[in-house]
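Visitor: Generate a structure from the sequence data that follows.
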Amino acid sequence: MSTQSHNSALLDLNPETIIELYELDLGEQDGVYRFHPGKNDTKDIIFGGYSEIKNGTPVQYPGHTYFALPIEADGFEVRGDGSLPRPRILIANPQGIITDLIKRRGDLVGKTITRRRVFMKYLDHENFPNNLNPFAIPDPNSRFDDDIFKINRKISEDKYMVEFELVSPLEMEDIKVPARVMIANFCPWQYRGEGCKYGQRPEFKQTLSDGTKSEDFFTVSGDPFGELGLPIADENNKKFMEVDGYNLTLTYKGDYSKATAYSAGHVVRIKSSRQNLSKLDYTDTQEEVANKPDAFFVCIQAATDKDPRYELEYWRRDQCAKTLQACQCRYVDYGIYTKGLPFGGFPSIEKYKF
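Guide: Numbering: from 1, shown residues only. Take a look at the predicted model:
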């Protein structure tokens, strides 16, 4: 990112040494590997430290260590014809350290590499004699814009070096622009899941007309399930407890069991399992598997041995219609939530009608 001091350094009559720093992001489990080519210095480089004032006391946060490793990289230039660059990076492989790094990780295909370029005079104090930068005040924000690329493929590998081809994230097959489509009147969040989190917000309180709180509603035989969010309506926004809806008095009966006889108004839960259907035959320690939210069903007439997931004549699933009205009836009509509706749509982008 550019700062005023960085922009001024670009116009200096005496050119400054530019240091290249590379970061390889392997995900939350394996973290970030940092290294630099060692063209100007064969020692490790410390970069990114900063200080701040907390309760009137200065607190110093150390920078990250970038290990020296012979690297050659080219092809970062942006062409005038509008085509995206495909840089190549050649990394030394002493004692097979890069081979060990890419082993069992699919040759790092799809992983992110970031190239940072900064003037040497803005490096941390630890990089200079006596731990004092004699040229300028260290500033991790005074640097060129970061170059962010994905590893497209491994070109070659031997005991001396490993070469990769990089591509812009926009060229990856599973990337689209814009990353999130803006829709005025439809909520893209997964009901009870990420974004929506209905029933999982600690600051959200619900109370029924009879004074029953949601945490009391979801308590069965002294086994509290916590704030799970009261079932309000089906996917067509037909309310369970309203006269013009199903006109039911709800009672929570816990997890669904085939051996139990259910009556109108009984609410059951079917727990979800951690699964990703596209990855059932493939194990990848880097892949994060989303936890699907639990499903709740409301019995609308006496049902015995009728599976709620398929017997719609007897059951209705607690589901959101994905509209602003559906969000409002849960967070306003049947609850108190002071932070605004967590509606995932963008009503303000709709054209004004005269």
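
Visitor: Got the confidence number for Tyr66?
Guide: You'll see Tyr66 listed with a pLDDT of 92.

Visitor: wait, it sits on Phe35?
Guide: Yes: Tyr66 lies in contact with Phe35 (C-beta atoms under 8 Å); the separation is 5.7 Å. Where you see a C-beta, it was placed from the backbone N, CA and C, and this is true even at glycine.

Visitor: which residues do the two both contact?
Guide: By C-beta atoms under 8 Å, 6 or more residues apart in numbering, Tyr66 and Phe35 have these common neighbours: 21-22.

Visitor: Low-confidence bits of the stretch 151-300 of the chain, can you list those?
Guide: Applying pLDDT under 70 to the stretch 151-300 of the chain picks out residues 172-180, 208-213, 215, 220-227, 273-291.

Visitor: where exactly do the strands run in it?
Guide: Using DSSP state E, counting those that start in this stretch, the strands found in the stretch 151-300 of the chain span residues 161-167, 219-220, 223-224, 251-255, 261-262, 266-270, 295-299.

Visitor: List the contacts of the fourth one.
Guide: Pointing back at strand 251-255 there. Contacts of strand 251-255 (C-beta under 8 Å, 6+ apart): 217-220, 223, 260, 262, 265-271.

Visitor: picking up where we left off before, okay, the strands of the stretch 151-300 of the chain, which one's buried deepest?
Guide: Most buried of the strands of the stretch 151-300 of the chain by mean neighbour count (mean count of other C-beta atoms under 10 Å) is strand 295-299; its value is a mean of 23.

Visitor: so what are the domain limits for this protein?
Guide: 4-171, 180-272+291-354 (automatic domain parsing).

Visitor: Please report how far the residue lying closest to Val267 once chain neighbours are set aside lies from Leu228.
Guide: Excluding the flanking residues, the one nearest Val267 by C-beta to C-beta, 6 or more residues apart in numbering is Tyr252, at 4.8 Å. Tyr252 is 9 Å from Leu228, where distance means C-beta to C-beta, to the nearest Å.

Visitor: Give the intersection of the neighbour lists for those two.
Guide: Taking C-beta under 8 Å, 6+ apart as the contact rule, Tyr252 and Leu228 both touch Phe218.

Visitor: In the stretch 101-250 of the chain, what residue spans correspond to helices?
Guide: Using DSSP state H, counting those that start in this stretch, the helices of the stretch 101-250 of the chain run over 214-217.

Visitor: any idea of the pLDDT on Lys351?
Guide: 66.

Visitor: ok, how many other residues are close to Ala321?
Guide: 18 (other C-beta atoms under 10 Å).

Visitor: Surely it forms part of a helix?
Guide: No: the assignment for Ala321, made by DSSP: H, G, I helix; E, B strand; the rest coil, is coil rather than a helix.

Visitor: was I right about it contacting Ile232?
Guide: No: using C-beta under 8 Å as the test, Ala321 is too far from Ile232 to be in contact (10.3 Å).

Visitor: any residues in contact with both of these two?
Guide: Counting by C-beta under 8 Å, 6+ apart, nothing touches both Ala321 and Ile232.

Visitor: Using JSON lines, please lay out the contacts of strand 251-255 together with distance to Asp139.
Guide: Shown next, in JSON lines, are the contacts of strand 251-255 (distance: C-beta to C-beta, whole Å):
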{"residue": "Phe217", "distance to Asp139": "55"}
{"residue": "Phe218", "distance to Asp139": "52"}
{"residue": "Thr219", "distance to Asp139": "56"}
{"residue": "Val220", "distance to Asp139": "59"}
{"residue": "Asp223", "distance to Asp139": "56"}
{"residue": "Thr260", "distance to Asp139": "66"}
{"residue": "Tyr262", "distance to Asp139": "66"}
{"residue": "Gly265", "distance to Asp139": "64"}
{"residue": "His266", "distance to Asp139": "63"}
{"residue": "Val267", "distance to Asp139": "58"}
{"residue": "Val268", "distance to Asp139": "59"}
{"residue": "Arg269", "distance to Asp139": "54"}
{"residue": "Ile270", "distance to Asp139": "55"}
{"residue": "Lys271", "distance to Asp139": "51"}
